[in-house]
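**Q** using only what follows, build the 3D model:
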Amino acid sequence: MRIPEAPFVRDFIRMSADAWGKGWHERNGGNLSYRLRSEDMAVIGQDPRADGKWVELTRNLPELAGEYFLLTGQGKYMRNVMLDPPANLALIVIDQKGARYQLLWGLSQGGKPSSELPSHLLIHAIKKISSQGLNRVVYHAHPANLIALSFVLPPDSRDFTRALWSMMPECLMVFPEGLGVIPWAVPGGEEIAARSALLMEKYNALIWSHHGVFCAGNSFDEAFGLMETLEKAGEICVKILSMGGARSTPSGQDLRRLADALRLDVNDDFLT
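**A** Here you go, the predicted structure:
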């Protein structure tokens, strides 16, 4: 398989490097996954390891039957993806029932796909349906300002969204649907995956309180740009709070005027 030369692998590596450079990935924190297109498979060639070991998924996902995913490995450092992709990435395929996966390439020094695989795959399944197949990228990072805000702001989707929307006009433009918030939960398991999937039916980003952020996008640029916008808004919010709090913020009516001017399909529940 001609994996390292494939354009989508280069894009994956670039995003991993940029995200690590932002400081969003301490040690082995965070993970990234990409659902391959048919064009991607044409570039890399067909699977040479058809007799490999199959591993049961934590739940059946028939929506992902036959799909291929490139993702970071469990315990792997994001900063090392650019240095040694075959050791730190995994290319897997889901069987025709959506019940098992098989490693096709990567993890050359051993290991497993990301510990957040249940969350990634369940979100991919949800977003594949809601986006009519356009969504390809699911991304989990540990941006410091957003995590810090989850200790201060209520674990409520509306309150968190309004706080970030008020920081700069770009926020309303980039995530007009808002973002979801999950109160503290044990990461990596089926429970938080199910809770995340419910919110990702409505949003493209969600906060895992005291832990990190999940984003989904149709492309690497879209997912990275969403995370970048969220974290910049979080940084502004943290600075305002450190200066004693805001003395003026845009009202719901102000945000509605902005949405109307830009013809944005905004979550009206968060503007009232």
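
**Q** let me see the contact set for the residue lying closest to Arg27 once chain neighbours are set aside.
**A** Closest residue to Arg27 apart from its sequence neighbours, by Cβ to Cβ, 6 or more residues apart in numbering: Tyr77 at 6.4 Å. Glycine gets a C-beta too; all of them are placed from N, C-alpha and C. Applying Cβ atoms under 8 Å, 6 or more residues apart in numbering, we find Tyr77 in contact with His25, Arg27, Asn28, Asn88.

**Q** which outside residues touch the helix or strand bottoming out on mean pLDDT in the chain?
**A** Of all helical and strand segments in the chain, the minimum by mean pLDDT, DSSP states H and E falls on helix 190-200, at a mean of 85. The contact list for helix 190-200 (Cβ under 8 Å, 6+ apart) reads 58-59, 118-119, 122-123, 125-127, 157, 180-182, 185-186, 206, 208, 214, 216.

**Q** go again using 7 Å as the cut-off
**A** With Cβ atoms under 7 Å, 6 or more residues apart in numbering as the test, helix 190-200 has contacts from 58-59, 118-119, 122-123, 126-127, 180, 182, 185-186, 206, 214, 216.

**Q** and if you look at stretch 156-176?
**A** Contacts of stretch 156-176 (Cβ under 7 Å, 6+ apart): 153, 178-181, 204-205, 207, 225-226, 229-230, 233-234, 236-237, 249-250, 255, 258-259, 262, 264-267, 269-270.

**Q** what is the end-to-end distance of that stretch?
**A** For stretch 156-176, the first-to-last residue distance is 16 Å (Cα to Cα, to the nearest Å).

**Q** buried sites along stretch 65-74?
**A** Across stretch 65-74, burial judged by 16 or more other Cβ atoms under 10 Å covers Glu67, Tyr68, Phe69, Leu70, Leu71, Thr72, Gly73, Gln74.

**Q** among those residues, which one lies nearest to Asp221?
**A** Closest approach to Asp221 among the buried residues of stretch 65-74 (Cβ to Cβ): Leu70, at 16.3 Å.
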